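>>> Give me the fold of what follows.
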Amino acid sequence: MFSNAEHSAAKNFWFTAIFWLLISMLAGLVVAIKQMSPDFLGGTSWLTYGRVRPIHTNGVLLAWLSMVNVGCMFYIVPKLLRTKLWSERLGNFTCVLWNVGITAAVITLAAGYSTGVEYAELPLWLDLAVALLAILVAVNVLMTIKNRKEKQLYVSIWYYVGSLVWLPAVYIVGNIPSELVGGAMQANMNWFYGHNVIGLWFTTVGIGTMYYLLPKLTGKPIYSHKLSLIGFWTIGTFYVWNGPHHLVNSPIPLWLMKAGIIPSILLIIPVWTVLANVLGTMKGQWHQVQDNVNLKFLITAMIFYLMACLQGPFQSLMSVSAVIKYTHWVPGHAHMAPFGAFSFIGFIAIYYAVPRISGKEIYSKALMSWHYYLSVAGFLIFAFSMWIAGVMQGFAWMEATPFIETVRMVAPFVAVRAIGGTLMIVAQFFFAWNIYMTMKAGKAFKVDRSEDVSATA
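Prediction:
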């Protein structure tokens, strides 16, 4: 709990995050099967759909992705600033508290204690615990920055600091005051949280991590530091206003709908800066993708990031929203950024850093490839089945088709979704086994100390 070994906090956050990834995705598979067979697992109350789904969503968001993010910051910030993490002991203590909090959340949700607000289901005392954990992480990272030896702040640091500033505001507004109000006001506050926890926490930490990993994997400096900073400031300016686009054609004022649609379209600016930097850095390096699984993950993650950020503005338009809102299209889109983009970035970070922390090579390159191909194939099967089903549902509802008929109509696509989800989960077991065997039986890895030089070089 109080180890002071270098990189121990990052390692412990990553390893426990992998455990929660498996638990959370298994919960997701249970949810997918229950959509086909509601009686699956019998009538046990703590395994009902309404209790397992928030375990899946909160587990993926607060356990897997958030813990991966913290691990990345604890590893990358010291590397970029040529110093050590301010307090490995505090980092490890935070990791223990985080796991206790996630365990408490799983038990609480399984027992039926929930606010009933999507993505903000945790009771107030757990919300306060999450706020405390965010403060502990911020203190550790900011003190590390204060004690830095490298004076220039590479763009990853900008993204990390912004994330740590934005997260408390987004989480507090979305979880605490919304319990005190109802109706359209609560919905608006809820989607301020639901959308911005993706855009101002998962996206910003994920992009910051990508900007560190891309030069390391290619051996080339980032194409344009100025362009990356334009992306940072524009995402901070435009993303925060996107929440209302989830409520288009809902009972909120028209001006508020428009206030969500316009910034959604303007998000193409930060997305373009990221992709331009990736393409510029990769110029002359595309041949490396063939044999480098980490680069495969990274390029695929950026493709999914582009698709997610093109779909978002498109489906925020009132005419498009009128068709796809509340349909199966939405989960197809909603999984793209957390899984297809930023989970992939998390995989790369762990694959890259574990050998450098442990001194052991990744156990199996073949398992890495299986992890990649099954993850991509599973997600594409999952997403396309949901997108097709969603469009069919939307037009059927507009034609006043009885609801139960639309349920029967999309049943085959729901089954295909479960198949895709199964492939995604199998891929993560390959991932977990590969990391476990790396720590247990990996060959010696020779650490190149020149890699510690800042990626700005």
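
>>> need the longest helix for the protein.
helix 365-398 (DSSP state H).

>>> so how far is the helix or strand that that one is followed by off the chain centroid?
Sequence-wise, the next helix or strand downstream of helix 365-398 (DSSP states H and E) is helix 403-409. A distance of 32 Å separates the centroid of the chain from that of helix 403-409, by Cα atoms, centre = their mean, to the nearest Å.

>>> Quick one: mean pLDDT over helix 403-409.
The average pLDDT within helix 403-409 is 94.

>>> neighbouring contacts of it?
Counting contacts by Cβ atoms under 8 Å, 6 or more residues apart in numbering, the residues outside helix 403-409 that touch it are 392-393, 396-397, 401. No exception for glycine: its C-beta is placed from N, CA and C like everyone else's.

>>> so what secondary structure elements neighbour the longest helix of the chain?
If you count contacts as 3 or more Cβ pairs under 8 Å, 6 or more residues apart in numbering; DSSP states H and E, helix 365-398 packs onto helix 293-316, helix 318-324, helix 329-334, helix 344-358, helix 403-409, helix 411-441.

>>> Could you check the angle that helix makes with helix 411-441?
Between helix 365-398 and helix 411-441, the angle comes out at 160 degrees (axes from the mean of the first three to the mean of the last three Cα atoms, to 10 degrees).

>>> please begin residue numbering at 23 from this point
I'll keep to 23 as the first residue from here, and by that count the last item is helix 387-420.

>>> Which parts of helix 387-420 count as buried, going by neighbours?
Within helix 387-420, the residues scored as buried using 16 or more other Cβ atoms under 10 Å are 389-390, 392-394, 396-398, 400-401, 403-405, 407-412, 414-416, 418-419.

>>> got the angle for it vs helix 315-338?
Going by the same axes, to 10 degrees, helix 387-420 makes 10 degrees with helix 315-338.

>>> Please state the offset of helix 387-420 from the chain centre?
Relative to its chain's centre, helix 387-420 lies at 17 Å (Cα atoms, centre = their mean).

>>> give me every residue that touches the residue nearest in space to the middle of the chain.
The centroid of the chain falls nearest to residue 360 when counting by Cα atoms, centre = their mean (3.5 Å). Contacts for residue 360 (Cβ under 8 Å, 6+ apart) come out as 82-83, 87, 220, 224.

>>> again, but for residue 189
156, 219, 222-223.

>>> Mind checking which of the residues you listed land in helices?
Residues of the contacts of residue 189 located in helices (DSSP H): 156, 219.

>>> Looking at the contacts of residue 189, which is nearest residue 355?
Distance ranking of the contacts of residue 189 against residue 355, using Cβ to Cβ, places residue 219 first at 15.8 Å.

>>> do you know how far residue 43 is from residue 297?
Separation of residue 43 from residue 297 (Cβ to Cβ, to the nearest Å) stands at 27 Å.

>>> The two: who's more crowded?
Neighbour count, other Cβ atoms under 10 Å: between residue 43 and residue 297, residue 43 has more, with 25 against 17.

>>> coming back round to it: please produce a markdown table containing the contacts of residue 189, extended by pLDDT and distance to residue 289.
Below are the contacts of residue 189 laid out as a markdown table (pLDDT from 0 to 100; distance: Cβ to Cβ, whole Å):
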| residue | pLDDT | distance to residue 289 |
| --- | --- | --- |
| 156 | 93 | 24 |
| 219 | 91 | 16 |
| 222 | 93 | 12 |
| 223 | 95 | 16 |
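
>>> Tell me which two in the contacts of residue 189 are the farthest apart.
The most distant members of these, if one measures by Cβ to Cβ, are 156 and 222, lying 12.5 Å apart.

>>> Of the helices and strands packed on helix 387-420, give the one that comes closest to residue 283.
Using Cβ to Cβ as the measure, helix 315-338 is the one of the helices and strands packed on helix 387-420 that comes nearest residue 283, at 4.9 Å.

>>> tell me what that closest one is packed against?
The contact analysis (3+ Cβ pairs under 8 Å, 6+ apart) places helix 315-338 against helix 225-240, helix 276-288, helix 290-304, helix 340-346, helix 351-356, helix 366-380, helix 387-420.

>>> is it true that residue 420 touches residue 341?
No. The pair residue 420 and residue 341 does not pass the contact test of Cβ atoms under 8 Å, sitting 11.4 Å apart.

>>> What is the burial count for the nearest residue to residue 242 once chain neighbours are set aside?
Sequence neighbours aside, residue 303 is the residue nearest to residue 242 in space, at 5.6 Å (criterion: Cβ to Cβ, 6 or more residues apart in numbering). Using other Cβ under 10 Å, residue 303 is surrounded by 19 other residues.

>>> That's all I had, so thanks and see you.
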